[in-house]
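Undergrad: Predicted structure and sequence below. I'll ask about it afterward.
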Amino acid sequence: NGGFYVPARKHRALNRTLALPGATLNESAEIFRKNGKWYVRVGVTVPVPEEQPVTEWIGCDIGARAAVTRSDGYHGLDLRPVLQRSRNRRATLQKQGREESRELSPQRQVLAREARQTVLVAQQSGRGVALEDPKRLIRWKQHAARFFGQRVLLLAAILGVAVQVISPPYTSTTCSRCGHVEPGQRHRATFRCWQCGFTHNADINASRVIAKRARRVSCASHHGSLSLCPGGGKAE
């Protein structure tokens with residue numbers, strides 16, 4: 001029927017996707033050339049399962065000291081060296097008059113891996129994932145949280161994992177043990193409650209506050225993806 005076969009080497013991301021239950025490779029594909037090499041961009045159709053009801057949540061706090069900190073005690077990679085290398089590379093390319101690659105930046109690659117790991121942990125433990133609404137975060141944190149959130153929402157939809165997007169104000173200054181809110185309770189990497197004396201890593205405390213807020217919300221839905229985009233637009 002006019003078709004032809006092209007020998008190609010599959011990317012590990014394609015292998016992971018095709019391993020999902022009911023996943024099928026689309027018949028159409030896009031062939032393009034980049035830096036003297038030929039590539040094929042393909043699509044995969046994956047059936048979306050029913051979202052599993054949950055009562056417990058994994059809260060996720062996005063930052064630079066740790067890309068992702070979770071309420072289960074997990075600390076992600078320190079993003080600061082990654083961000084510095086990206087800035088240096090961008091400056092070098094600008095001096096050379098070259099454009100930066102459209103591929104995922106190093107920090108986004110880290111966040112994509114963290115999102116995948118978080119959703120898998122949630123699925124295996126029967127919990128949902130709780131995220132802060134990026135629209136209401138400070139600018140430097142907003143873009144990373146939005147990208148991480150979009151990745152989590154996509155993977156969670158494929159695996160049937162519940163996702164809850166919560167309001168972020170005061171998560172960093174609220175005590176996860178007693179709920180007391182005070183601006184001065186967080187000092188750099190340490191949180192100390194002025195009311196009950198609870199002391200812990202500040203990012204872990206914030207992620208636990210996020211998880212607790214998710215528990216108080218009665219309805220968990222993937223439709224929260226709309227709030228992940230500034231201006232109320234749809235997720236990319």
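TA: Good, I have the coordinates.
Undergrad: Tell me the buried residues in stretch 180-188?
TA: 185, 186 (16 or more other C-beta atoms under 10 Å). (Each C-beta comes from the backbone N, C-alpha and C, glycine too.)
Undergrad: What lies in contact with it?
TA: The contact list for stretch 180-188 (C-beta atoms under 8 Å, 6 or more residues apart in numbering) reads 170, 172-175, 191-196, 202, 205.
Undergrad: Arrange the residues you listed in a markdown table, one row each, with secondary structure as further columns.
TA: As requested, the contacts of stretch 180-188 are arranged in a markdown table below (DSSP: H, G, I helix; E, B strand; the rest coil):
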| residue | secondary structure |
| --- | --- |
| 170 | coil |
| 172 | coil |
| 173 | coil |
| 174 | strand |
| 175 | coil |
| 191 | strand |
| 192 | strand |
| 193 | coil |
| 194 | coil |
| 195 | coil |
| 196 | coil |
| 202 | helix |
| 205 | helix |
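Undergrad: Among the residues you listed, which one has the most neighbours?
TA: residue 205 (28 neighbours; other C-beta atoms under 10 Å).
Undergrad: State the distance from that one to residue 76.
TA: Relative to residue 76, residue 205 is positioned 16 Å away (C-beta to C-beta, to the nearest Å).
Undergrad: Strands of the protein, residue ranges please.
TA: Assigned by DSSP state E, the strands in the chain fall at 24-34, 37-45, 57-62, 68-70, 128-132, 163-166, 186-187, 190-192, 199-201.
Undergrad: Packed most tightly, which of these would that be?
TA: Across the strands of the chain, averaging neighbours per residue (mean count of other C-beta atoms under 10 Å) puts strand 128-132 on top, at a mean of 29.
Undergrad: Which neighbouring elements make contact with that one?
TA: Strand 128-132 is packed against strand 57-62, helix 106-125, helix 139-159, strand 163-166, helix 202-216, with contacts defined by 3 or more C-beta pairs under 8 Å, 6 or more residues apart in numbering; DSSP states H and E.
Undergrad: Give me the distance between the most centrally placed residue in the chain and residue 165.
TA: The centroid of the chain falls nearest to residue 148 when counting by C-alpha atoms, centre = their mean (2.2 Å). As for residue 148, its distance to residue 165 is 12 Å (criterion: C-beta to C-beta).
Undergrad: where do the contact lists of these two overlap?
TA: Residues within reach of residue 148 and of residue 165 at once, by C-beta under 8 Å, 6+ apart, are residue 131.
Undergrad: can you put the strands of the chain in TSV and add distance to residue 210 and mean pLDDT?
TA: Converted to TSV, those look like this (distance: least, C-beta to C-beta, whole Å; pLDDT from 0 to 100):
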stretch	distance to residue 210	mean pLDDT
strand 24-34	36	85
strand 37-45	31	86
strand 57-62	3	95
strand 68-70	9	96
strand 128-132	5	95
strand 163-166	6	92
strand 186-187	14	90
strand 190-192	13	96
strand 199-201	14	96
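Undergrad: what about the ones you listed, which gets the closest to residue 7?
TA: Among the strands of the chain, the nearest to residue 7 by C-beta to C-beta is strand 37-45 (10.2 Å).
Undergrad: Taking strand 24-34 as reference, get the angle to the closest one.
TA: Using axes from the mean of the first three to the mean of the last three C-alpha atoms, to 10 degrees, the inter-axis angle of strand 37-45 relative to strand 24-34 is 160 degrees.
Undergrad: So what are the sheet partners of strand 37-45 and their directions?
TA: Within its sheet, and counting by DSSP bridges, strand 37-45 is paired with strand 24-34 (antiparallel).
Undergrad: can you list the residues that contact the strand it pairs with?
TA: Contacts to strand 24-34, defined as C-beta under 8 Å, 6+ apart, come from residues 6, 18, 38, 39, 40, 41, 42, 43, 44, 45.
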